[in-house]
Structures are given as structure tokens and as C-alpha cells.
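> make a model of this:
(one chain, ligands or ions: 1)
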Amino acid sequence: MIAMPTEIQDAGQLQALLERVREAPELWQGRVRFDEADRVSVSIGGNEHLEVWLICWNEGQSSGMHDHDASHGAAVVVEGQLREDLLGPGGPVASATFGEGACMLFPAGHIHDMTQVGPTRAVTLHAYSPPLQYVGRYDMGAGQLRRDAVPRDQDARYVDGWDFGHALSSAATPAHQA
Ligand SMILES: [Fe+2]
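Predicted coordinates:
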């Protein structure tokens, strides 16, 4: 059992949590699933301060350009590779490719598009604090940039709902003591 932090002060704490989750595959490996239509997001656990997701990416699947509204976040690549594109003045700008073990930090307001690249499907772990309420979606059509705030549950293919107590404990234990 991994204790969930009850106070998040920066994305580095989310990264530390994800590293511990990555090293405990019994918490998520059996829940990996892929879908031909879209990436699949599986709830691993959460409390009122943060949430942890497993995201499974088939070849070529992408998130689309988005932000995480008021939440900051982190992700680690468990398997495969992802490319992150950022939003530049004229549209998406290729940023970097992240392979197995790489960690990405997303401060609140970070705008990006993540796409599976490489020869194998990808699996990533994500943490957000506070838990996502909305995802900002960007439309760059007709020469204008438009942002729509989309409720999280309408934004992606989420499965399993919340799963308190199954994988991660919501016990009030500071992260460094876990
Ligand atoms: Fe994101």
C-alpha cells in the first residue's frame, strides 16, 4: 500500500508519488487495457487533494491540445514513447519525445498535446492536484484560437471511476514517510 500525500505543494511531489507507483506494478499492471477508438484512462486512486490515472495509448493515439485548468500535474512513462507538442503562436510546436522512465511536469496553465510514437503501445501514469475538474480544449480552426472548458468526465474515455482503497491508500501520511 502506498500512502497518498494530503498536501501537495509542487509538481515534484506528484513526480515522487508516481515513481513509487511505477515501482509497484501490482497496483496497475493488471488494469492496463487498450481501445482502438481512443486512449483509455483508468483511475488508480485519489483523495480530495490529488488523483492518479493510468493511461493506455494505442499506436498513434493522442490527447489533442489541452490544458489541465487549475490543476498541476506530472506523468511518467511506464512503457513505450510519447511525443509532447506545445502550443506555439502559429499552432503546435514539437517539443520532445519521452521514453520509458521519463517524467514530465505540467504546471497549471501548461498547454500540450501528447501522442504515442514509436513501434510499441505506450502506458503512462499521471497525477493531478487538485483533482481535474475541467480540461481546457483548444480549437485552432478558422484562424482563431478558441478554448472550451470541458468537464473532465466528458473529455476522455475514463473507466473504473474512483477506486479508493484498492490500490492507493488515502491515509493521512506525508509522502516522504510512505
Ligand atoms: Fe495533459
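> touching, residue 75 and residue 125? I think so.
Yes - Residue 75 lies in contact with residue 125 (C-beta atoms under 8 Å); the separation is 6.6 Å. Where you see a C-beta, it was placed from the backbone N, CA and C, and this is true even at glycine.
> overlap in contacts, these two.
Here residue 75 and residue 125 have 18, 55 as joint contacts, going by C-beta atoms under 8 Å, 6 or more residues apart in numbering.
> ok but residue 109 is inside a strand, no?
No - going by DSSP: H, G, I helix; E, B strand; the rest coil, the assignment for residue 109 is coil, not a strand.
> my guess is it meets residue 71, correct?
No - between residue 109 and residue 71 there is no contact under C-beta under 8 Å: 10.0 Å.
> more neighbours: these two, which one.
The residue with more neighbours, out of residue 109 and residue 71, is residue 71; 25 against 12, by other C-beta atoms under 10 Å.
> excluding residues flanking it in the chain, which one is nearest the more buried one?
Once flanking residues are discounted, residue 71 sits nearest to residue 128: 4.4 Å by C-beta to C-beta, 6 or more residues apart in numbering.
> tell me who's in contact with that neighbour.
Contacts of residue 128 (C-beta under 8 Å, 6+ apart): 14, 50-51, 53, 68, 71-73.
> for those residues, give me TSV that also has distance to residue 28.
Formatted as TSV, those follow (distance: C-beta to C-beta, whole Å):
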residue	distance to residue 28
14	16
50	16
51	14
53	10
68	21
71	20
72	22
73	17
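> so which of these sit within helices?
Applying DSSP state H to the contacts of residue 128, the entries found in helices are residue 14.
> and the contacts of residue 128 as CSV, adding distance to residue 40 and pLDDT?
Output for these, formatted as CSV (distance: C-beta to C-beta, whole Å; pLDDT from 0 to 100):
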residue, distance to residue 40, pLDDT
14, 21, 92
50, 20, 90
51, 16, 90
53, 10, 92
68, 18, 93
71, 20, 93
72, 23, 90
73, 18, 93
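> fine by me, we can end here.
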